[in-house]
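Asker: Build me a model from this:
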Amino acid sequence: MWRTVGSGDGAYRQAVELASPDVHFRFVGDTPMGADLHGRAAFADWFERFQRVFPGLRLTLTDVVVKGWPWNTTVVTRLRVRGRLADGSAYENEAFQWVRIRWGRMVEDTVLEDTLRLNEAYRRQELANAT
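Answerer: Presented below is the predicted three-dimensional model:
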């Protein structure tokens, strides 16, 4: 069974520690969570914001493909995203992640998630938290 991590358990810190100081992070899509960032601090800030907006979401790794050598490794993951939103509704989505690693340091991380579902969830979170 693959490990499931939650947005509130701080597991993202492992990814931040693995990142090179000039990591390029992209969360693809025209949503409030969309990002095109450079640097470890900006990478960590994005995860902290994600935790605030979506506390309790669980990410489950369902598939991994790895190729390359230590100086240029590509890792592709498939993730299941689940949880409850602030209004009590269920959230389910799927994401794919493309990571490039050089000598043990993540230099690029690109995430693709169904942006229509994500945008709707973001809107629900805003409405629920505004009351």
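Asker: what's the spacing between stretch 63-72 and its chain's center?
Answerer: Distance of stretch 63-72 from its chain centroid, counting by Cα atoms, centre = their mean, to the nearest Å, is 19 Å.
Asker: just stretch 21-41 next, same as before
Answerer: Distance of stretch 21-41 from its chain centroid, counting by Cα atoms, centre = their mean, is 10 Å.
Asker: buried sites along that stretch?
Answerer: 23-25, 27-29, 31, 33, 35, 37, 40 (16 or more other Cβ atoms under 10 Å). C-beta: built from backbone N, CA, C; applies to glycine.
Asker: so who does residue 30 touch?
Answerer: Applying Cβ atoms under 8 Å, 6 or more residues apart in numbering, we find residue 30 in contact with residue 115.
Asker: SS state for it?
Answerer: coil (DSSP: H, G, I helix; E, B strand; the rest coil).
Asker: if we can go back for a sec, need the buried residues of stretch 21-41 in a markdown table (columns: pLDDT and secondary structure).
Answerer: Shown next, in a markdown table, are the buried residues of stretch 21-41 (pLDDT from 0 to 100; DSSP: H, G, I helix; E, B strand; the rest coil):
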| residue | pLDDT | secondary structure |
| --- | --- | --- |
| 23 | 98 | strand |
| 24 | 98 | strand |
| 25 | 98 | strand |
| 27 | 97 | strand |
| 28 | 96 | strand |
| 29 | 93 | coil |
| 31 | 90 | coil |
| 33 | 95 | coil |
| 35 | 97 | strand |
| 37 | 97 | strand |
| 40 | 97 | helix |
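Asker: burial count for residue 79?
Answerer: 20 (other Cβ atoms under 10 Å).
Asker: And residue 126, how close does it get to residue 54?
Answerer: Per Cβ to Cβ, to the nearest Å, residue 126 is found 12 Å from residue 54.
Asker: these two touch, right, residue 117 and residue 93?
Answerer: Yes - here residue 117 reaches residue 93: they are 4.9 Å apart, a contact under Cβ atoms under 8 Å.
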